[in-house]
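Chemist: Following is a predicted model, sequence given first.
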Amino acid sequence: MKVNYDSEADVLIFLLSDNPPVDSVEESGGVIISYGIDGEPVTVEFLNASRHNILKSGELNITFQTKNSAAA
């Protein structure tokens, strides 16, 4: 997974797959989910990320937990 933040557009994007999107759905609150040909999500975009308190003061901290690390 890759994470990109465009500060000029104020868009936070989670790239879940390298597959190209073929369809997308815009949810309330400025969230866009794009899907690949197999119906699986390939991106999740947060529009106006800083105004929705997704980002604080231009800082991006992400913690990922996998099943293996949860057992520790």
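Modeler: That came through fine.

Chemist: which residues touch the lengthiest strand in the chain?
Modeler: Counting by DSSP state E, the longest strand found in the chain is strand 41-47. Strand 41-47 is contacted from outside by 10-17, 19-21, 30-36, 52, 54, using Cβ atoms under 8 Å, 6 or more residues apart in numbering. No exception for glycine: its C-beta is placed from N, CA and C like everyone else's.

Chemist: switch the cut-off to 6 Å
Modeler: With Cβ atoms under 6 Å, 6 or more residues apart in numbering as the contact definition, strand 41-47 has outside contacts at 11-17, 19, 21, 30-36, 54.

Chemist: now the residues you listed: which count as buried?
Modeler: By neighbour count, with 16 or more other Cβ atoms under 10 Å, the contacts of strand 41-47 hold 11-14, 16-17, 30, 32-36, 54 as buried.

Chemist: show me where this structure has helices.
Modeler: Using DSSP state H, the helices of the chain run over 67-70.
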